[in-house]
Each structure stands twice: as structure tokens, then as C-alpha cells.
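Peer 1: curious how this folds, go ahead:
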Amino acid sequence: MNARDLLVRTRVKLINAVRGMVKSSGGRLPTSSTEAFIAKAAPYIPDVLRPALAPLVENIARLTEQVREFDKHIEQLARTCYPETARLRQVSGVGPITALKFVLTIGNPRRFQKSRDVGPYLGLVPSRHQSGAIDKQMRISKAGNRQLRVLLVQCAHRILTRSSPDSDLKRWGTRILAHGGKSARKRAVTAVARKLAVLLHRLWVSGDTYRPLFNARSLDALPLPIA
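Peer 2: This next block holds a predicted model:
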């Protein structure tokens, strides 16, 4: 999975380089996902830049194919060697890569007495600066495994999209977004990622079937978190 992560980060850098060169020449490529860049954005590269950017575009296409091969291997590995990942994939937005990375990173789930301890372990809680009368809440601590934290944040973004199915997680994040504020989106994503980590651990330990709206009736009565 580390090799896949390196390929993905390299592809992002190449795509950003292509977009930057097109923009500096006065053009602009249409928005697209990283996976769909070759199909949806690359055809709009100005003709005058194509000879210079062709090697970069070819490398992006090659990396995309390699990432897809990694994805197939990871899904097969999760299915055959780590069947517990199927429990985690019950949650909409959680795919085989996140599920497998979660299992491999946590290792023995019983080492956490409470599922909510997983959030601090993965660096998804705010750090604090305390000095005398000062008790200031700062950004998330970013402790633990960076790759898993990034994957959980990506899942949180997917959960909060309009097209995602209704769930307790989505409603929780939507309430934070509705609260407004300059950093509402960031706080909502962080809060959902943290709750997702707790939920995945709980599903893993309990073996329960995931019910997306288990807490829906009581959710509106809960106070907003500070993220």
C-alpha cells in the first residue's frame, strides 16, 4: 500500500504540473477527478503545448493503469486474507483500501478499551496549548498513521457529498456545516472522519451489521462538537 500511495502522490504532482503550465499560458483545463484526468481534462490541452506536455500526459496515463492494478490486488488481498474488512465496507464511502489500511494499522482491535480511543490514536482530535490561564484548542494533532488519516478524511468528504446516502455520519457532519463559520467545512470533515474511525473499530470488534440511521432519532438533540 505504501507503493500505491507513492504512485498516487506522483500522479497528483504531474497533474498539477500540467494544469499549472496550461494556466501560465492563458488556458485552463476543466475540472476532473484525478482518475478521470486523461479522459476528461487532457483532451483540452492547447495544441501549442501538446508536444511539450505529451511525456507528462503519458506518464499520468501509465500511473493511472498501475494504480488500478494495485487496487485490484488490494481488493483481492482484503477479500482472501482479511475477511474482517467486509464488516468495515458496510459503511458507504469506505472501500477496500481504507478498510484494509484500517485493519493493518490498528492490528489488534482489542488493545483499545473504548472505540473512541481510536480517534486520538490516529491524530483526529485537536491538540491543546495550555500555559497558566491559557487553554487554547489548536489544530488536530496529526499523530499516528498519515496514510490512514488521509484515507479517512477522503471518506468523510464522500460521506458529506449530496449524492451520498443518508446516514448518522452524514447528518452529524451536515449539522456542523449548517452551523456555519469560516472553518465549518474543515470542522465537519474532521468530525466525520473521527466518528468514522470510531464506527469502524466498533463494527470490527462487535461484528454487528451496520445500520446507517441507528442514532437518527436522538442525533438532533446532541450538542455540536468542537473540532
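Peer 1: now do the same contact list for the most centrally placed residue in the chain.
Peer 2: When CA atoms, centre = their mean is applied to the chain, the residue found nearest the centroid is Gln154 (1.7 Å). Residues counted as contacts of Gln154 (CB atoms under 8 Å, 6 or more residues apart in numbering) are Thr98. Every C-beta, even on glycine, is put in place using the N, C-alpha and C of the backbone.
Peer 1: check the burial of Ala156 by counting its neighbours.
Peer 2: 24 (other CB atoms under 10 Å).
Peer 1: any buried residues in the helix or strand where it lies, and which?
Peer 2: Element membership for Ala156, per DSSP states H and E: helix 146-159. Neighbour counts over helix 146-159 (16 or more other CB atoms under 10 Å) mark Gln147, Leu148, Arg149, Leu151, Leu152, Val153, Gln154, Cys155, Ala156, His157, Ile159 as buried.
Peer 1: taking those together, which two end up most distant?
Peer 2: Greatest spacing in the buried residues of helix 146-159, by CB to CB: Gln147 and Ile159 (18.8 Å).
Peer 1: do I have it right that Leu148 meets Val103?
Peer 2: No - counting by CB atoms under 8 Å, Leu148 stays clear of Val103, with 10.1 Å between them.
Peer 1: and this structure, split by domain according to the record?
Peer 2: 2-80, 91-219 (automatic domain parsing).
Peer 1: before we move on, back to that, got the CA coordinates for the helix holding Ala156 in PDB?
Peer 2: Coordinates of each C-alpha in helix 146-159 appear next as PDB, following Å, rounded to 0.1, in the frame of the first residue of the first chain:
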ATOM      1  CA  ARG A 146      -0.700   9.600   8.000                       C
ATOM      2  CA  GLN A 147      -2.000   7.400   5.200                       C
ATOM      3  CA  LEU A 148      -4.900   6.100   7.200                       C
ATOM      4  CA  ARG A 149      -5.800   9.600   8.400                       C
ATOM      5  CA  VAL A 150      -5.800  10.900   4.800                       C
ATOM      6  CA  LEU A 151      -8.000   8.000   3.700                       C
ATOM      7  CA  LEU A 152     -10.500   8.600   6.500                       C
ATOM      8  CA  VAL A 153     -10.700  12.300   5.600                       C
ATOM      9  CA  GLN A 154     -11.300  11.300   2.000                       C
ATOM     10  CA  CYS A 155     -14.100   9.000   3.100                       C
ATOM     11  CA  ALA A 156     -15.600  11.900   5.200                       C
ATOM     12  CA  HIS A 157     -15.600  14.100   2.100                       C
ATOM     13  CA  ARG A 158     -17.500  11.400   0.200                       C
ATOM     14  CA  ILE A 159     -20.000  10.900   3.000                       C
END
